[in-house]
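Chemist: mind folding the following:
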Amino acid sequence: MSGQQGPQAKKRRRSLFGPLAKDTLREIKKTRSRFLSIFLIVALGAGFFAGIKATGPDMKLTGDTYFDDQDLMDAKALSTYGINGDDLAALRAAEGVKTVQPGYSLDVIVKMGGKDTVVKALSYDPGDTLNRPLVVEGRLPQNSGECAINATEMFGDGYQIGDKLVLQSDSGNTQVEDNLRTAEYTIVGRVQSPLYVTYELGSSSIGSGKVSDYLYIPADDFTTEVYTEAYITFTGAKALDCFSDAYKTLRDDGVKTLEAVGEERAQIRYDEVFGEAEKQLDDAQKELDDGRVAGEAELGAARQKLDDAYAQLESGRQQLAENRQLYESGITQGQAQIDEVKKTRDDLQVKYDQLAAAVAQMGPKVEGLKAQIDAMGDPAALPAEQQALYAQLTAQYDQLQPQYAQLQQNAAQVKGYLDQAVSGYAQAKAQFDQQKAEGEAQLQQAAQQIDQGQAEYDQGMADYQVALADFEQQMRDGQQKIDDGRAELQKIKVPVWYINSRQQNTGYAGFEQDADRINNISLVFPVFFILVAALVCITTMTRMVEEQRTQAGTIKALGYGSWATAAKYLVYAVSAAVLGAVVGLLIGFKLFPGIIFGAYGIMYRMIDVVAPFRWNYALWITLGAAACAGLSVISVCLGELREQPSQLMRPKAPKAGKRVLLERVNFIWRRLSFTGKVTARNLFRYKKRIFMTVLGIAGCTALMLTGFGVKDSISGIVKNQFGTLTRQDTTIVFDEDQVKGDRARFADMLQGRDELQKSLLVRQKNSTVGHGSREYDAYLFVPEKVEQLSDYVLLRHRSDKKPYALGDDGAVIDEKLAQLLHVSAGDEIYLVGDENVRYTLKIADITENYAGHYLYMSPSYYMKVFGAAPAYNAALGILQQNGGQQAEESLSAYLLAQDGVLTVSYTSGIEDNFDDTIGSLNYVVIVLIVCAGLLAFVVLYNLTNINVGERIREIATIKVLGFTDREVSAYIYRENIFLTVFGVAAGLLVGIALHRFVITTAEIDSIMFGRDISALSYLLAALLTVVFSLLVNFAMHYKLKKVDMVESLKSVE
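Modeler: I've put the predicted structure just below:
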């Protein structure tokens, strides 16, 4: 019997399942608005949860795909001496290294829009396998003088393929052949480099101090002897997700290996460079010493020649003096002889004159006597008297005639002597004058020769002195150069190797951090989102089962068991949930990553987002949606279906009316209208419905407030950090060693610059601070003048906004760092100094700060901790108002041209970078807010629809009683409005806590979001919820108008 009943019972159950399935489909069709609401809520919740949850991994997958496709390096090696062939060989021989690719880079100036723009020229070789640029347009450079420019940035706006570029040095000289073969390049393509995924391209030591663009040129165009960098990949790295812990471990191990290689190669290169330089100096010293010996010998010979010439001159002068003395003696003697001859002549002349006078005097007398005698004739004939006279005259004549003849003879003799004397005098005088002239001429000629010799000697001596001075100066200069070279040689330091992993690549770390931010947001916000959706879904199904207890009783009376009866609702709920989840997943996996990654397109340049369908997320989300719907149905059905079919087919007795608390407040209750009293009683009559409605509205309001609050918190970073706390406009970093040697020069360097209002020397250093087992990096700041620090950095408490001064009794750290270290004012932390020595610091206070970690110390406290005065290596500056970008460029050009200035950065640039990041996050937040708003609308619509559905007989009753359509709607709306107000109030309170939780969860270690929510955000969250509630009420108005009073009143039957 029993054996026969078994098959019959199974057959009967199979025959019953057909009608049950039809009834289920009919129920779906009949209540499609409810089915659709469950579908939409689950789709929205699942799509949002899956999309936001997948966005972070999709961003990382996109980055990993892009970097793998372009073979981005895992690490980059740099050296202050450059990279040579031996360095490359050592890198290639390192354990775990797969590829080593050398490269060149050079910062140059390019005219863009009439302005000098700093551009980084990168080398490209067709054989390069790493960091392959993605060609966007045109081609890569192949020949000398060709270049491929950045596809974005200013190059994208100012230059086209075929245009020519002129690369200049910092001085404005268009010839840069010191490093390149040519300065003129023709653009042949546009590319996108995996080395630069953001618009931030790094700093430069020329121009404005900031790299604004990049281009690729052939590697053969670089003429430098060594490479500027070497790119490295590690074995097995490409097969790993570059953002995974496995990759980071492999990468970090590889970096450590390369750092060891770098240390070894640094010492080898130092020894090579030092030895070569020392040999060059030794050779130069030997050459200088040999030159000194040869020069001194040559100068000695020249001096000896001059001394010999001088001796000859002196001998000549002496001989001239002797000859002049002999000449003058001869002249004197000759003159004396002449004078003697002249005297003899003069004496003879006098004697002759006397004789001549006597002859002249006697001659007439003789002649007269002769004439008288001759006149008398013959004496015999003369008379006696005359003969006596004649005899007397003859006697006188004869007496005078001999005397006269003797006088004439004497006169003639004297005349002869006189003529001889005159002739002898003239001859002697002429001879004397000739000899005197000849002697004078000879002496003058000798004097001239001596003067000429003296002049030649003086010129030779002058030339000698000049040559000697030049030689000594050359020797001093040569020795000074050698000494300077040896001094500089002693200053040569062991080259520093830098092994930078991808993490130090511009934009790479930021991209990972942004993906992590999205991940952090997805840990809380979407979870709460889907919880609200699940809650409403559970509410919907619970209400549906309770509403259809009559149908359930009928099905059970037809012979269906409790599980079979529950299967109808289980299929209904699970099918809606699964379909909603599937559609939501299909849309969410593509929509949200695309929107959010598109928002980050403001900052990052790479391929389109890679958004695969993530089956692991899909499985768990679908199972979760089905479980929520199914468990809610099972839990309600198990409670309801325990009753007998006869009891189930009877509607539940309405809850007995009770006096509400408000009725005990007579002065209020008496003033309420009838509808007001009914509304109050209905609100407190169905506590479960009130709780679920308020909870749903509160959840949606909390989500929207959280979204707006996150936007406030993110936007507050820029406003608070760069608008209030960070007051300096520029930070100038100096060479610490040079500052130690000439601190005044660096202080004076900033004085008198028209671009600067004021400046402050500081000591800044990136340090590691810790407490217990926790360690974080922070910037150590020590101002030279503590009293001026507030002009550049505002120290204050976030809670009360009260500023305070930096004291000498401890250090000040930022609030986020204090949270990470779990410390507060009065606690002690340690700072890791050189050689890993730990120094204990006391925390004097905590300061408000949002970006980065900072540790502030006064000079006196610094000395107390470290036992030495701070070595200032930077300066903070405040620019003149309205200086703008022109002042920044002018100041950078001046400072970077000074010896010892390493970098110049501006707060405006950092602020712009944060603005870009915040702008991208704001887009994400807007997506969250929009989705929260959609959820709020769907939830409110669903809850109101449930409320109307379960009160359909009540609505029909009041319609029968004569309520107009407007009054019927108002009857329902009043309750909805009150519930909305309660839900908004509760949601705002929950939103505050949720916002705080989301913010603290979404933060990364180096960023602290704002903690305050603006009044506008509270207002918007409340208003949007109210607006959605009013829209739902408006939509429900038409549904209430269509309620059939007779059908609704008979629906229980």
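Chemist: could I get the full set of strands for the stretch 451-600 of the chain?
Modeler: Assigned by DSSP state E, counting those that start in this stretch, the stretch 451-600 of the chain shows strands spanning 497-501.
Chemist: quick check: which ranges of it have low pLDDT?
Modeler: Under the criterion pLDDT under 70, the flagged ranges of the stretch 451-600 of the chain are 506, 525, 528-529, 546-565.
Chemist: tell me which stretches of it form helices.
Modeler: 508-547, 549-557, 562-599 (DSSP state H, counting those that start in this stretch).
Chemist: would a markdown table of those with distance to Gly45 and mean neighbour count be doable?
Modeler: All C-beta atoms are positioned from the backbone trio N, CA, C, and that covers glycine. Converted to a markdown table, those look like this (distance: least, Cβ to Cβ, whole Å; neighbours: other Cβ atoms under 10 Å):
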| stretch | distance to Gly45 | mean neighbour count |
| --- | --- | --- |
| helix 508-547 | 3 | 22 |
| helix 549-557 | 28 | 20 |
| helix 562-599 | 7 | 21 |
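Chemist: which ones are touching Val176?
Modeler: Taking Cβ atoms under 8 Å, 6 or more residues apart in numbering as the contact definition, Val176 lies against 106, 108, 167-169, 183.
Chemist: and the gap between it and Asp107?
Modeler: 11 Å (Cβ to Cβ, to the nearest Å).
Chemist: so Asp809 is in contact with Ile843, correct?
Modeler: No: with contact defined as Cβ atoms under 8 Å, Asp809 does not reach Ile843; the gap is 10.4 Å.
Chemist: these two - which one has more neighbours?
Modeler: Ile843 (21 against 11; other Cβ atoms under 10 Å).
Chemist: let's see the helix or strand that one falls within as PDB, backbone CA atoms only.
Modeler: Element membership for Ile843 (DSSP states H and E) is strand 838-847. Written as PDB, here are the backbone C-alpha positions of strand 838-847 (Å, rounded to 0.1, in the frame of the first residue of the first chain):
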ATOM      1  CA  ARG A 838      68.600  56.800  17.000                       C
ATOM      2  CA  TYR A 839      68.000  60.200  18.700                       C
ATOM      3  CA  THR A 840      65.200  60.500  21.200                       C
ATOM      4  CA  LEU A 841      62.800  63.500  20.700                       C
ATOM      5  CA  LYS A 842      60.100  64.800  23.000                       C
ATOM      6  CA  ILE A 843      56.900  65.800  21.300                       C
ATOM      7  CA  ALA A 844      56.000  69.300  22.500                       C
ATOM      8  CA  ASP A 845      52.900  69.700  20.300                       C
ATOM      9  CA  ILE A 846      50.900  68.400  17.400                       C
ATOM     10  CA  THR A 847      50.200  70.700  14.400                       C
END
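Chemist: can you give me the buried ones in it?
Modeler: 841, 843-847 (16 or more other Cβ atoms under 10 Å).
Chemist: partner strands of that strand, with direction?
Modeler: Strands adjacent to strand 838-847 in the sheet, as given by DSSP bridges, are strand 811-814 (parallel), strand 828-832 (antiparallel).
Chemist: which ones are touching the nearest residue to Asp107 once chain neighbours are set aside?
Modeler: Closest residue to Asp107 apart from its sequence neighbours, by Cβ to Cβ, 6 or more residues apart in numbering: Ser204 at 4.6 Å. The contact partners of Ser204, taken as Cβ under 8 Å, 6+ apart, are 107, 118, 120, 210-211.
Chemist: highest neighbour count among those?
Modeler: Val118 leads the contacts of Ser204 on contacts (other Cβ under 10 Å) with 25 neighbours.
Chemist: name the helix or strand for that residue, please.
Modeler: strand 115-124.
Chemist: list the buried residues in that strand.
Modeler: Buried-residue list, strand 115-124, by 16+ other Cβ under 10 Å: 116-124.
Chemist: let me have the residues you listed in a markdown table, extended by pLDDT and distance to Ala441.
Modeler: Listed next are those as a markdown table, based on pLDDT from 0 to 100; distance: Cβ to Cβ, whole Å:
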| residue | pLDDT | distance to Ala441 |
| --- | --- | --- |
| Asp116 | 74 | 80 |
| Thr117 | 80 | 85 |
| Val118 | 85 | 84 |
| Val119 | 89 | 85 |
| Lys120 | 90 | 87 |
| Ala121 | 92 | 83 |
| Leu122 | 94 | 88 |
| Ser123 | 94 | 86 |
| Tyr124 | 94 | 90 |
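Chemist: save these as a markdown table, and put in distance to Asn323 too.
Modeler: Converted to a markdown table, those look like this (distance: Cβ to Cβ, whole Å):
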| residue | distance to Asn323 |
| --- | --- |
| Asp116 | 81 |
| Thr117 | 87 |
| Val118 | 84 |
| Val119 | 86 |
| Lys120 | 87 |
| Ala121 | 84 |
| Leu122 | 89 |
| Ser123 | 86 |
| Tyr124 | 91 |
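Chemist: just to revisit the earlier point, quick one: the strand holding Val118 to chain centroid distance?
Modeler: 15 Å (Cα atoms, centre = their mean, to the nearest Å).
Chemist: next structured bit after that strand?
Modeler: strand 134-138.
Chemist: buried stuff in that following strand?
Modeler: So, applying 16+ other Cβ under 10 Å, buried residues of strand 134-138: 134, 136, 138.
Chemist: give the contact list for the last one.
Modeler: Listed by Cβ under 8 Å, 6+ apart, the contact partners of Gly138 are 148, 161, 187-190.
Chemist: looking at those, which is nearest Cys537?
Modeler: Arg190 (51.1 Å; Cβ to Cβ).
Chemist: thinking the closest one is in contact with Ile149, fair?
Modeler: Yes: the pair Arg190 and Ile149 passes the contact test of Cβ under 8 Å, sitting 5.8 Å apart.
Chemist: and the end-to-end length of stretch 849-860?
Modeler: 24 Å (Cα to Cα, to the nearest Å).
Chemist: find the residue at the geometric middle of the chain.
Modeler: Ser203 (3.3 Å; Cα atoms, centre = their mean).
Chemist: what's the nearest residue to that one if we skip its chain neighbours?
Modeler: Per Cβ to Cβ, 6+ apart, closest to Ser203 is Thr903, 5.3 Å.
Chemist: wait, a strand at that neighbour?
Modeler: Yes: assessed with DSSP: H, G, I helix; E, B strand; the rest coil, Thr903 lies in a strand.
Chemist: Lys415 reaches Asp353, doesn't it?
Modeler: No: Lys415 is not in contact with Asp353 according to Cβ under 8 Å; the separation is 10.3 Å.
Chemist: neighbour count winner among these two?
Modeler: Taking other Cβ under 10 Å, Lys415 and Asp353 do not tie; Lys415 has more neighbours (17 against 14).
Chemist: skipping its backbone neighbours, what lies nearest that one in space?
Modeler: Tyr352 (5.5 Å).
Chemist: relative to strand 497-501, how tilted is the helix or strand harbouring that neighbour?
Modeler: Secondary structure from DSSP H and E places Tyr352 in helix 245-376. Interaxial angle of helix 245-376 relative to strand 497-501 (axes from the mean of the first three to the mean of the last three Cα atoms, to 10 degrees): 140 degrees.
Chemist: pull the distance from helix 245-376 to the chain's centre.
Modeler: Distance, centroid of helix 245-376 to centroid of chain: 70 Å (Cα atoms, centre = their mean).
Chemist: cool, and stretch 483-502?
Modeler: That offset, for stretch 483-502, works out to 23 Å (Cα atoms, centre = their mean).
Chemist: also stretch 867-885?
Modeler: Worked out by Cα atoms, centre = their mean, stretch 867-885 lies 15 Å from the chain centre.
Chemist: all set, thanks.
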